[in-house]
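K.L.:
turn this into a structure:
(2 chains)
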Amino acid sequence: MWVERSDSLHRDVVVDGDRTVGIMGGGPAGDGHRAFRVGIGGPVGSGKTALVAALCAELRHSVSLGVVTNDIYTTEDADTLRRLGVLDADRIKAVRTGCCPHTAIRDDIGANLEAVEELDELVGPDGLVLVESGGDNLTATFSYGLIDRQIFVLDVAGGDKVARKGGPGVTRSDLLVVNKIDLAEMVGASVELMLADSAAVRDGRPVIATAVRSGEGVAAVAEWVMAMRDAGRAPAPN
Amino acid sequence: MAPLTPTRPDGALPGEGMASPTASAAMMLLTDGRFPSGGHAYSAGMEQAVTWGDVSTLESAEAFTVGRASTVGTLAAQVTAAANLTVMGASTVLEVRQALDRLDGAVDARTASAAARRVSRLQGRRWLRAVQGTWPDELAGQETDSPRGWQLRGRHGWVVLGAATALLDLTAEQAATVALYELVGTPLWAAVRLLGLDPMQTAAVIARLVTRFEPEVRAAANGARAMPPSVGAAFDLSWISWSTAPLSDLAAEAHVGREERLFAS
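P.N.:
Modelled structure (predicted):
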């Protein structure tokens, strides 16, 4: 498979032989059209907003940033990010999802595309846009028509069986983050077991253990994000 | 630019002969709740009506929707049909743009709520994005975006829908049916989520209402068809309904100011 051309909407059309196998939405990263986009999904309370805030704090001096939040009911997550002052308020946009956070990031991505495209103008083509999903379940993953790479956030406090349960978020996300490892002992969960279960179903894709509140592991996640951005900016293979 | 004349010289009513393959696929997709045109995040005033206590059951949800379909629904069907036939019949880009300008203004003039007007234009953007992404070849070369073209981006949803459906070979009746289905289905499907209504009973209501308002759809298409072929500044809009739904406008204004809400409208 390779990127054949940009269509009228500045999207990469990916073909395999004569067959179109995918359209990467909104304009290809790395050719000067738009910023690199990373989706951050995971269950309610696993630490998505905390990770977004920590990544912003970690990266804001090295890359131009924007954030889209997908709050289910309020603008709580966007408000939290604004309150924390991790970014200028105009670089944080909230999308309403009509009861269905997974629909807004996977099946019907128009509202999120509009939000990231608005941010593109502020962030610039070399920048990074983080799209945080509303808290959902283990099957909620992003469409690659919206983002370039996705992170799925689990937490130890949800029980160490969660990774074993699998689901697309655990098995297919580009990076799996196992958060709140500092709570493992208190909830009787095994971080080692979660990491081993995750590795067993992820076909070599990376897993990073974090305790975002104390900052543990955040630098590793930030490093992965920037590596993905840099790789995404490389010229498409011919 | 490519010729404006559609591939299917129409006037045929639904059920007469076979629709073109493009039109059949487009009709199915445009009315499919999974078609990514953003409808899932809208309640068309239902969320506010539930908050106010006006809607709490399937019966009251149906009554709410009948109210909208009887008023705003007529406008939706007429504007969509008129935009469809404008694109079918106009001979220059300028004619199309001027006619769409007039239709856009007609929707503005009949929508008192600024919030509702904004939502309608957002819906236009979503329709345009979804249609362009789904049928890039059919929309290619039609100058839908360029400043000297039709300038579809930023227009009201029904105007965009009408223009786009013409390029997809849909008749004015079919275009108006899509608009009415959207208008009926959006609040009722939102009510399923808001109130936990039985989805099959709700589907039955939608089927009944789309059937009930079919004569209005047909009348809208006929009204649009009676427009003079020459458009532009002389474009006659006197036949477009002035019937509006003030409570919907009030609901839109109340809803947009709320902090806690699930839907975008």
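
K.L.:
before we move on, what SS does whichever residue of chain A sits closest to chain B have?
P.N.:
Distance from chain B to each residue of chain A (C-beta to the nearest C-beta) is smallest for residue A:98, at 3.6 Å. The way it works is simple: take the backbone N, C-alpha and C, and place the C-beta from them, glycine included. Judged by DSSP: H, G, I helix; E, B strand; the rest coil, the three-state class of residue A:98 is coil.

K.L.:
how near is it to residue A:59?
P.N.:
Noted for residue A:98: a distance of 31 Å to residue A:59, by C-beta to C-beta, to the nearest Å.

K.L.:
ok, now residue A:77?
P.N.:
For residue A:77, the distance to residue A:59 (C-beta to C-beta) stands at 18 Å.

K.L.:
burial of residue A:194, as a residue count?
P.N.:
Neighbour count for residue A:194, taken as other C-beta atoms under 10 Å in any protein chain shown: 27.

K.L.:
surely it and residue A:154 touch.
P.N.:
Yes: between residue A:194 and residue A:154 there is a contact at 7.3 Å, judged by C-beta atoms under 8 Å.

K.L.:
quick one, what contacts the nearest residue to residue A:84 once chain neighbours are set aside?
P.N.:
Spatial nearest neighbour of residue A:84, chain neighbours left out: residue A:53 (5.2 Å); criterion: C-beta to C-beta, 6 or more residues apart in numbering or on different chains. Counting by C-beta atoms under 8 Å, 6 or more residues apart in numbering or on different chains, residue A:53 touches A:80-81, A:84, A:86.

K.L.:
how about the host helix or strand of residue B:68: buried residues?
P.N.:
Using DSSP states H and E, the element containing residue B:68 is helix B:58-89. Of all the residues in helix B:58-89, those buried under the rule 16 or more other C-beta atoms under 10 Å in any protein chain shown are B:58, B:60-62, B:64-69, B:71-89.

K.L.:
so where's the chain shaky on pLDDT?
P.N.:
As the question left the chain open, I've gone with chain A. Residues of chain A meeting the criterion pLDDT under 70: A:1-32, A:72-73, A:233-238.

K.L.:
not what I meant, chain B
P.N.:
Applying pLDDT under 70 to chain B flags the ranges B:1-19, B:141-148, B:228-234.

K.L.:
what residues does it have near chain A?
P.N.:
Counting by C-beta under 8 Å from any C-beta of the partner chain, chain B comes close to chain A at B:34, B:36-43, B:122, B:125-126, B:129-130, B:132-133, B:136, B:140, B:190, B:193-194, B:259-264.

K.L.:
in strands only, show me those.
P.N.:
Assignment to strands by DSSP state E places none of the residues of chain B next to chain A there.

K.L.:
so which of those residues are in helices?
P.N.:
Mapping the residues of chain B next to chain A onto helices (DSSP state H) picks out B:122, B:125-126, B:129-130, B:132-133, B:136, B:190, B:193-194.

K.L.:
surely residue A:142 touches residue A:39?
P.N.:
Yes: with contacts counted by C-beta under 8 Å, residue A:142 reaches residue A:39, the gap being 3.7 Å.

K.L.:
shared neighbours of those two, anything?
P.N.:
Residues touching both residue A:142 and residue A:39 (C-beta under 8 Å, 6+ apart) are A:105, A:131, A:133, A:150.

K.L.:
got the contact list for the second one?
P.N.:
Residue A:131 makes contacts with A:37-40, A:67-68, A:70, A:105, A:112, A:115-116, A:142, A:146-147, as judged by C-beta under 8 Å, 6+ apart.

K.L.:
in CSV, list the residues you listed along with secondary structure, distance to residue B:96 and neighbour count.
P.N.:
Shown next, in CSV, are those (DSSP: H, G, I helix; E, B strand; the rest coil; distance: C-beta to C-beta, whole Å; neighbours: other C-beta atoms under 10 Å in any protein chain shown):
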residue, secondary structure, distance to residue B:96, neighbour count
A:37, strand, 35, 31
A:38, strand, 41, 26
A:39, strand, 39, 27
A:40, strand, 43, 28
A:67, strand, 39, 29
A:68, strand, 35, 29
A:70, coil, 37, 27
A:105, helix, 36, 29
A:112, helix, 31, 29
A:115, helix, 30, 22
A:116, helix, 31, 26
A:142, coil, 37, 29
A:146, coil, 32, 23
A:147, coil, 36, 30
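
K.L.:
that older thread, so the residue of chain A closest to chain B sits against residue B:44, correct?
P.N.:
No: using C-beta under 8 Å as the test, residue A:98 is too far from residue B:44 to be in contact (11.2 Å).

K.L.:
what's the neighbour count on residue B:151?
P.N.:
Using other C-beta under 10 Å, residue B:151 has 18 other residues around it.

K.L.:
let me see the ranges of the helices in the stretch 151-265 of chain B.
P.N.:
For the stretch 151-265 of chain B, helices defined by DSSP state H, counting those that start in this stretch occupy the ranges B:157-167, B:172-195, B:199-212, B:214-225, B:246-256.

K.L.:
same thing with chain A?
P.N.:
With helices called from DSSP H, chain A shows them at A:48-59, A:76-84, A:101-102, A:110-123, A:162-165, A:168-172, A:184-187, A:191-201, A:218-232.

K.L.:
among these, which is the most enclosed?
P.N.:
Mean neighbour counts were compared across the helices of chain A using mean count of other C-beta atoms under 10 Å in any protein chain shown; the top stretch is helix A:48-59, at a mean of 23.

K.L.:
now the residue of the stretch 1-150 of chain B found nearest chain A: closest residue in space, sequence neighbours ignored.
P.N.:
Scanning the stretch 1-150 of chain B for the residue nearest chain A gives residue B:41, at 3.6 Å (criterion: C-beta to the nearest C-beta). Leaving aside its sequence neighbours, residue B:41 sits nearest to residue A:98 (C-beta to C-beta, 6+ apart; 3.6 Å).

K.L.:
tally of neighbours for the one you found?
P.N.:
The number of residues packed near residue A:98 is 28, by other C-beta under 10 Å.

K.L.:
same check on residue A:125?
P.N.:
Neighbour count for residue A:125, taken as other C-beta under 10 Å: 16.

K.L.:
so it touches residue A:34, yeah?
P.N.:
Yes: the criterion here is C-beta under 8 Å, and residue A:125 meets it with residue A:34 at 5.9 Å.

K.L.:
quick one, what contacts residue 198?
P.N.:
Using chain A here. Residue A:198 sits in contact with A:154, A:163, A:170, A:176, A:178, A:207, where contact means C-beta under 8 Å, 6+ apart.

K.L.:
wait, chain B
P.N.:
Contacts of residue B:198 (C-beta under 8 Å, 6+ apart): residue B:58.

K.L.:
ok so, going back, quick check: angle from the very next helix or strand once past the helix holding residue B:68 to helix B:157-167?
P.N.:
With elements assigned by DSSP H and E, the helix or strand that comes after helix B:58-89 is helix B:93-109. Going by axes from the mean of the first three to the mean of the last three C-alpha atoms, to 10 degrees, helix B:93-109 is angled at 150 degrees with respect to helix B:157-167.

K.L.:
list the beta-bridge partners for the residue nearest the centre of chain A.
P.N.:
Chain A has residue A:39 as the residue nearest its centroid, 2.0 Å off, counting by C-alpha atoms, centre = their mean. In this structure, residue A:39 bridges to residue A:131, residue A:150 when assessed by DSSP bridges.
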